[in-house]
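below: sequence and its predicted model.
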Amino acid sequence: MTIGWNDNAPIYRQLKERVIGMMLDGVIKSGDALPSVRQIAAEYQLNPITVSRAYQELVDETLVEKRRGLGMYVIDGARDKLLASERERFIREEWPALLERIGRLGLDLNQLMQSSKVGGAA
């Protein structure tokens, strides 16, 4: 699998967001081990320090824990914690901008909801 990194954010943050996305999607579950720093660095041709920094941020946010000699493991309840924080961030940051854009375009929220059900995205 090839990952395309963008120039808009540091690679360690992009890697961290990918791991978070996998947790939210249920690809990585509570109790699962994360791939080793060396494995990720080799697979995606990254500096191991970059991978370590991404993993350390996950530790700092108490989403994963270091187990000496064993690696990094997803903490129980990490997905629920992520869902709560991502929902709160969406409501605080993204939703107001989205509502403003809907209003600016003269769209009706109820009509949008109906069209998304018809289009199969709901």
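Now that the structure is in, tell me what you want to look at.

every contact and neighbour count from this point should use C-alpha atoms.
Will do.

quick one: the helices in the protein, in order.
11-24, 37-44, 48-60, 78-89, 95-104, 109-118 (DSSP state H).

any idea how many residues pack against the residue nearest to I20 when sequence neighbours are not counted?
Of all residues not flanking I20 in the chain, L82 sits nearest, at 7.8 Å (Cα to Cα, 6 or more residues apart in numbering). Residue crowding around L82 was assessed by other Cα atoms under 10 Å; the count is 17.

I figured L82 hits L24, correct?
Yes: here L82 lies in contact with L24, judged by Cα atoms under 8 Å, at a distance of 7.1 Å.

can I see the domain layout of this protein?
Using automatic domain parsing, the domains assigned to the chain come out as 11-76, 79-118.

let me have the ones you listed in a markdown table, extended by mean pLDDT.
What follows is the domains of the chain, written out as a markdown table (pLDDT from 0 to 100):
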| stretch | mean pLDDT |
| --- | --- |
| domain 11-76 | 95 |
| domain 79-118 | 90 |
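
what residues does stretch 48-59 touch?
Defining contact as Cα atoms under 8 Å, 6 or more residues apart in numbering, one finds that stretch 48-59 is touched by I11, Y12, R13, L15, K16, V37, R38, I40, A41, V64, E65, K66.
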